[in-house]
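Engineer: Sequence first, predicted model second:
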Amino acid sequence: MIGCSAGFVNLPRIKGSHNAMKTGMMAAEAAFEALSAGRSGDELKAYAYLYEHSHVYKDLKRVRNVKPFWSRLGTLLGVPVGAFDMWTNQLFGLSVFGTLKHGKADYATLKPARDCKPIAYPKPDGIVSFDKLSSVFLSSTNHEEDQPIHLKLKDPSIPIARNLPEYAEPAQRYCPAGVYEVVYDNSGGNPRFVINAQNCVHCKTCDIKDPAQNINWVTPEGGGGPNYPNM
Amino acid sequence: MTSPTPRETMEFDVVIVGAGPAGLSAAIRLKQLAAEAGKEITVCVLEKGSEVGAHILSGAVIDPISLNELIPDWKEKGAPIDTPVTDDRFLYLGPSGSLRFPNFLFPPLMSNHGNYIVSLGNVCRWLAKQAEELGVEVYPGFAAAEVLYDEKGSVKGVATGDMGIGRDGKPKASFTRGMELHGKYTFIGEGVRGSLAKQLMARFKLGENCDPQKFGIGLKELWQLPPEKHKRGLVVHTMGWPLTDDTGGGSFMYHFGEGLVSIVRAAP
């Protein structure tokens, strides 16, 4: 696995392309050496060795505590403490905090809807802010409509039976492309979970964030998805 | 979806899933090494987007450290990397104003001096061209849908999805069976939370003894500004408003190219 598949992004620098490229190059070097020796299909141990001796490793080691600090302390405190930790890492190659752990997986961090207040978002003004669907339109997202839905529910009853009462079905809100909706009949009852798969911009947020880990993103027909020209 | 029709198979030395910076750099490096050693090596890259770059969405300010190693003469080769960062600012936003942090507070590793503002999609299009010139086969429009294993349980390649299956799961008139791409080695460069990577991590227990992976989501807009408002090379990062203190994240604005600004809001 190379690049973001293995999570080689540097969070505080908000950069990963350099590490994506370098991990690809190191995997190539390890594979080339193996192919030259007549090997195939085995574990490329040289890739791990090259990684541990690369600038990618150094790049990521220095910032390893930043995200755990932000998660634990919030922005106002977490950013300066994270900056202090990066200073000691850069100047002395060490952290006084050692290596902090990440907390829970992202799907396990949601609070129940009853413990939260809905956020009142201002309506899009059409000048600097826009609604979701007009933004999806700009992404030129397109999928062949007559194909199986590529967002698979392991258990189709969970969105309405479990996620709706507990979390007000968060897919309606976290999906940036309006793929997921809960629709009601005319009397406001009988909720149904609707998946508008053709709007999917392939961000995989649903696969990551669904609290029941019930949504499995699989590849739609090739060529489908957004068509970004200069992004 | 099993179909009785057997799939056609193509054999390569290395099969790469995903024509992003990682997959394309791997392909280029393989071909470079083969050329240096006077060997023949076959490499293919699958890309689920309609073209290379169609699914890439990034800021992006890139650190050229790896590109300098891979293609040292990238400038001469016409890489679409022409906006060096000239000014780096960091703001804390409130609902009605902002506070600028002095740059000396940040450790040097955070500095964007020497970095470039780019469209990563266009960088990938250019990398794909470099790869193809070296003889890499790049196949956009084909999604790697399935990992293939040999009898020992090792990965032996991937299969592309069948095309032309209806919503009901039945083949349509346009039905085309997927292809098997076998490689002596298979690289997965699908990007964040790849669907094959997820299966491989589960099957080979790659997440064992590791912390959970953390993710973020970002929303990007590309603005065209009138020339008098454009400050080519300016990089502005912000934190604070409109996010609450317990929601990590922030935004950035990168002025690049001819009047373009990348605007991204992100929450890790």
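Structural biologist: Received, thanks.
Engineer: Would you mind listing the buried residues in the helix ranked longest in chain A?
Structural biologist: Determined from DSSP state H, the single longest helix within chain A is helix A:66-92. Residues of helix A:66-92 classed as buried by neighbour count (16 or more other CB atoms under 10 Å in any protein chain shown): A:66-71, A:73, A:75, A:78-79, A:81-89. Quick note: C-beta positions are derived from backbone N, CA and C, even for glycine.
Engineer: near chain B, which of those residues show up?
Structural biologist: Taking CB under 8 Å from any CB of the partner chain as the test, chain B is in contact with A:67, A:70-71, A:75, A:78-79, A:83, A:86-87, A:89 out of those.
Engineer: Among these, which one sits closest to B:Val147?
Structural biologist: A:Lys67 (29.4 Å; CB to CB).
Engineer: Excluding chain neighbours, what is closest to the closest one?
Structural biologist: Closest residue in space to A:Lys67, ignoring its immediate chain neighbours: A:Leu11 at 5.1 Å, by CB to CB, 6 or more residues apart in numbering or on different chains.
Engineer: For that neighbour, what are phi and psi?
Structural biologist: phi -60, psi -50 (degrees, to the nearest 10).
Engineer: What of B:Ala144?
Structural biologist: phi -80, psi 110.
Engineer: Repeat that for B:Pro72.
Structural biologist: Dihedral angles (degrees, to the nearest 10) for B:Pro72: phi -60, psi -30.
Engineer: Roughly how far does it sit from B:Ala79?
Structural biologist: Distance, B:Pro72 to B:Ala79, using CB to CB, to the nearest Å: 11 Å.
Engineer: What of B:Gly257?
Structural biologist: Applying CB to CB to B:Gly257 and B:Ala79 gives a distance of 13 Å.
Engineer: same deal with A:Leu151?
Structural biologist: A:Leu151 is 36 Å from B:Ala79, by CB to CB.
Engineer: what does B:Glu47 give?
Structural biologist: For B:Glu47 relative to B:Ala79 (CB to CB), the value is 19 Å.
Engineer: Looking at these two, which has the bigger crowd around it?
Structural biologist: B:Glu47 (30 against 20; other CB atoms under 10 Å in any protein chain shown).
Engineer: domains for chain A, by residue range?
Structural biologist: Domains of chain A are assigned by automatic domain parsing as A:3-61, A:66-103, A:113-217.
Engineer: and among these, the most buried is which?
Structural biologist: Comparing the domains of chain A by mean neighbour count (mean count of other CB atoms under 10 Å in any protein chain shown), domain A:3-61 ranks first with a mean of 20.
Engineer: how about the domains of chain A in CSV, adding distance to B:Phe187 and mean pLDDT?
Structural biologist: Converted to CSV, the domains of chain A look like this (distance: least, CB to CB, whole Å; pLDDT from 0 to 100):
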stretch, distance to B:Phe187, mean pLDDT
domain A:3-61, 6, 97
domain A:66-103, 26, 92
domain A:113-217, 19, 95
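Engineer: What strand or helix carries A:Phe137?
Structural biologist: Using DSSP states H and E, A:Phe137 sits in helix A:132-138.
Engineer: Mind listing residues that contact that helix?
Structural biologist: Residues outside helix A:132-138 that contact it (CB atoms under 8 Å, 6 or more residues apart in numbering or on different chains) are A:176-178, A:199, A:201, B:219, B:221.
Engineer: Show me where chain B has its helices.
Structural biologist: Under DSSP H, chain B gives helices at B:21-37, B:65-70, B:120-133, B:195-203.
Engineer: Chain A: which of those is closest?
Structural biologist: helix B:21-37 (2.8 Å; CB to the nearest CB).
Engineer: from the middle of its chain, how far away would the closest one be?
Structural biologist: 17 Å (CA atoms, centre = their mean, to the nearest Å).
Engineer: Repeat that for stretch A:45-64.
Structural biologist: For stretch A:45-64, the distance to the chain centre is 22 Å (CA atoms, centre = their mean).
Engineer: now do stretch B:28-42
Structural biologist: The answer for stretch B:28-42 is 23 Å, by CA atoms, centre = their mean.
Engineer: Next, the contact list for the residue of chain A at minimum distance from chain B, please.
Structural biologist: Here chain A gets closest to chain B at one residue, A:Gly3, 2.8 Å apart by CB to the nearest CB. Counting by CB under 8 Å, 6+ apart, A:Gly3 makes contact with A:16, A:19-21, A:23-24, B:18, B:20-23, B:189, B:191.
Engineer: mind redoing it with 6 Å?
Structural biologist: A:20, A:23, B:22, B:189 (CB atoms under 6 Å, 6 or more residues apart in numbering or on different chains).
Engineer: so what's A:Ser17 up against?
Structural biologist: By CB under 6 Å, 6+ apart, the neighbours of A:Ser17 are B:21, B:62.
Engineer: typo on my end, it should be B:Glu146
Structural biologist: So B:Glu146 contacts B:Ala159 (CB under 6 Å, 6+ apart).
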